[in-house]
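Student: Fold the stuff below for me.
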Amino acid sequence: MLAKVAESADAVTDRADHWDSAYRDRGVAGVSWFQSEPALSLELIERLGVAPDAAVMDVGGGASSLVDHLVDRGFTDISVLDISQAALEDARLRVGEIAAVRWLHEDLLSWNPARRYGLWHDRAVFHFLTEEADRDRYLDCLGSGIEPGGGLIIATFAEDGPEYCSGLRVARYSAQDLLNLLGPEFQAVAVRRELHMTPGGVVQPFTWVAARAA
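Tutor: Model prediction:
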């Protein structure tokens, strides 16, 4: 048991180091997933009718500007979770220390939600989970972390998207693939296909699903 715990701690440290290095080596605006404006996220949040007083969880939010836009729109209960301390520090410096935002330096695969959220937002985390056990752990975490009737927005590489990102193998999904994994506990509200342009000028096809928890 002790060896297993130590191995798990080493794995968490390795993942944290990997993503810290990605941000520090390339800068916030240099990583492939950078967006100056999270337009599709904001569109789907509106489509789901998420109220400004809803508890929002942005998993893997890192240095994303989504938190800035939500604060500007009057959201008062936002949590940003990321394994990269470097990403969170950049966002915290940009947004400032305000009561509306909680910064959670956590590894999603070893984190247990202490509360439920009215919106669970994930842009480009789930597709890094290539092992079935990690996907199951994520879905368990989602199930315990979302309110009944809460909104879910999840974006992954599409079926014709890249096979690797930041040196790591990824999984690729159609909208139906994601809905099948989510199961009957979630009802689709909207699906989208996005052609994301990276800072390096590479087009990456994404699949987006917005759904509501039962």
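
Student: Quick check: which element contains the spatially most central residue of the chain?
Tutor: With distances taken as C-alpha atoms, centre = their mean, the residue of the chain nearest its centroid is Asp122 (2.7 Å). Asp122 is part of strand 117-123, with elements assigned from DSSP states H and E.

Student: do the same with Arg92
Tutor: Counting by DSSP H and E, Arg92 is found in helix 85-95.

Student: Val12 now?
Tutor: helix 2-26.

Student: average pLDDT for that helix?
Tutor: Mean pLDDT, computed over helix 2-26, is 63.

Student: What sits closest to Trp19 if chain neighbours are left out?
Tutor: Closest residue to Trp19 apart from its sequence neighbours, by C-beta to C-beta, 6 or more residues apart in numbering: Ser84 at 3.9 Å. For glycine as for every other residue, the C-beta is placed from the backbone atoms N, C-alpha and C.

Student: Wait, that neighbour touches Ala16, no?
Tutor: Yes - using C-beta atoms under 8 Å, Ser84 is in contact with Ala16, at 6.6 Å.

Student: In terms of neighbours, single out the busier of these two.
Tutor: Ser84 (22 against 18; other C-beta atoms under 10 Å).

Student: Could you measure from the more buried one over to Leu48?
Tutor: Taking C-beta to C-beta, to the nearest Å as the measure, Ser84 falls 27 Å from Leu48.
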